[in-house]
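**Q** Here's my sequence, what's the structure:
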Amino acid sequence: MPTVRVSRLINAPVGEVWRVIADLEGAPRWNRAWAKVRLLSGPAGQGALLRAEAEDGWTSDLEVGGWEPERRVLFVPRPGPDEDTGRYWLVLEGQSISLQPAAEGATLVTMEARARSRGLMGLVVGRLLWPGYQRRGLRAALDALAELFPPG
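**A** Just a heads-up that it's a prediction; the model follows:
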């Protein structure tokens, strides 16, 4: 199971960073992979369902599988019909965002993505290609999140 983890120090206290992350429909402000996010059920929190849409119209339904205010949120993809057929070599199992207080009012933010590979090609893609691709995406999200909290 390939896992990618990226961390960054954000120049804001945990509570401020959490408020931005907990605003699920506002996630496109810092997660540019998503052009639009819509809550499908309930308020943000454990068990909430959301739909993330990319610029090209591709959508992904996610469930909030873990919600620990000011500490951690876990997104678990809800599999589509194609994923159950074994069509994909690699299937995302979950993405999490963890917050940890750091010195002088800063926050260490860690984003992690886990995937499950299928077959030989899945093993190759999961070990050689996906980690770099995923790492770039997580770093871009952390960079955009940090831009919301300029130094000063």
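**Q** tell me the phi and psi of I97?
**A** Main-chain torsions, I97, degrees, to the nearest 10: phi -130, psi 120.
**Q** mind listing what it touches?
**A** By CB atoms under 8 Å, 6 or more residues apart in numbering, the contact set of I97 is 21, 72-73, 109-111. Glycine gets a C-beta too; all of them are placed from N, C-alpha and C.
**Q** Please repeat the previous calculation with a cut-off of 6 Å.
**A** Contacts for I97 (CB atoms under 6 Å, 6 or more residues apart in numbering) come out as 21, 73, 111.
**Q** any chance of those in a markdown table, plus neighbour count, distance to R136 and pLDDT?
**A** Compiled in a markdown table, the contacts of I97 are given as follows (neighbours: other CB atoms under 10 Å; distance: CB to CB, whole Å; pLDDT from 0 to 100):
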| residue | neighbour count | distance to R136 | pLDDT |
| --- | --- | --- | --- |
| I21 | 19 | 20 | 97 |
| V73 | 23 | 21 | 96 |
| M111 | 22 | 12 | 94 |
